[in-house]
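Undergrad: Based on what follows, work out the 3D shape:
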Amino acid sequence: MRTLTFFNHAGGVMKSSLTRDVGHTFSQAGLRVLVIDLDPQANLTDWLGVSDVAPEQTVYGTATRGEPLPSPASAHGLHLIPSDVSLALAEGQMMGVVGAHLHLRQALQAVTDQYDLVLIDSPPSLGQLSILGALAADHLIVPVPTRQKGMNALAGLSEAMATYRKLRPDLTVALYVPTLYDARRSHDREALAALRGMLRPLASPIPDRGAVWNDSASAGQPVGVYAPGSPVHQDVLRVTAEIARAVHLNVDLPGVNA
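TA: Next up is the predicted model:
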């Protein structure tokens, strides 16, 4: 079982979208995929069409008391441990518990025979839940928008990685993913060039095609369900293949050229 956490302390950088759609693509390729929503805003949960989540369905008990993972929900071929606004209370509870930041990693060890891949959607912060998600990962996948916002976040990301590696020296960034890229804007082209000079490995950029991403989220469906064959779906297939290569995941993805 491989565990990947989509991580960036900035919000609106496509962490939840990529967790949902990369996870769905891998599941359609035959992998057993568990996705975990660590964000109390619950966008991943909502964007998979799951609602009316009770606190005991979230990772609250795992994060604060070291309990086993709750039974997952099913959505579009994925297993999902959903989130709810009540998960925000875990931030305060975890601070008084020694070793709480490793609770999720320890709980995942009990399900290694049930899944091929676990994808974690990290909150847009550097709080306790973000540390929980980062330290549970084998690798981080870091979306970075080709905007000033993305460039400004890099210093914080670097500091966070240095801190996390004190507890997990083996933790690495498997892939940086440029997002929200609009080749018509000179600023985006300059930002992408700067990212190519600073970050490795760097995926090819995901174009800013907001309508399909937004509409699929409103429909509670992955892009591969909502708009199969669309340019956005091709973007999803491409970045999923790049992530598979980055983490040496041996999987054949339908519709992707080798």
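Undergrad: now the helix or strand of the chain with the lowest mean pLDDT, how far from the centre of its chain.
TA: Confidence across the helices and strands of the chain bottoms out at helix 148-167, with a mean of 87, counting by mean pLDDT, DSSP states H and E. Put simply, helix 148-167 sits 16 Å off its chain's centre (Cα atoms, centre = their mean, to the nearest Å).
Undergrad: Glu91: neighbouring residues, count only.
TA: By other Cβ atoms under 10 Å, the residues close to Glu91 number 18. For the C-beta atoms, the positions are set from N, CA and C on the backbone; glycine is no exception.
Undergrad: Which elements pack onto the host helix or strand of it?
TA: Element membership of Glu91, judged by DSSP states H and E, is helix 90-94. On a contact count with 3 or more Cβ pairs under 8 Å, 6 or more residues apart in numbering; DSSP states H and E, helix 90-94 meets helix 60-65, helix 128-136.
Undergrad: Please list all residues in contact with the nearest residue to Asp252 once chain neighbours are set aside.
TA: What sits nearest to Asp252 in space, not counting adjacent residues and going by Cβ to Cβ, 6 or more residues apart in numbering, is Ala29, at 6.3 Å. Contact analysis of Ala29 by Cβ atoms under 8 Å, 6 or more residues apart in numbering lists 251-254.
Undergrad: looking at the residues you listed, which has the most residues close by?
TA: Among the contacts of Ala29, Leu253 has more neighbours than the rest - 19 neighbours, counting by other Cβ under 10 Å.
Undergrad: Tell me how many other residues surround the closest residue to Asp21 other than its chain neighbours.
TA: When the adjacent residues along the chain are set aside, Asp21 lies closest to Val236, with 4.5 Å between them (Cβ to Cβ, 6+ apart). Neighbourhood size, Val236 [other Cβ under 10 Å]: 26.
Undergrad: go on, Lys15?
TA: 28.
Undergrad: Now do the strands in the stretch 1-150 of the chain.
TA: Residue ranges of the strands in the stretch 1-150 of the chain, as given by DSSP state E, counting those that start in this stretch, are 2-6, 33-37, 73-75, 78-81, 117-121, 139-145.
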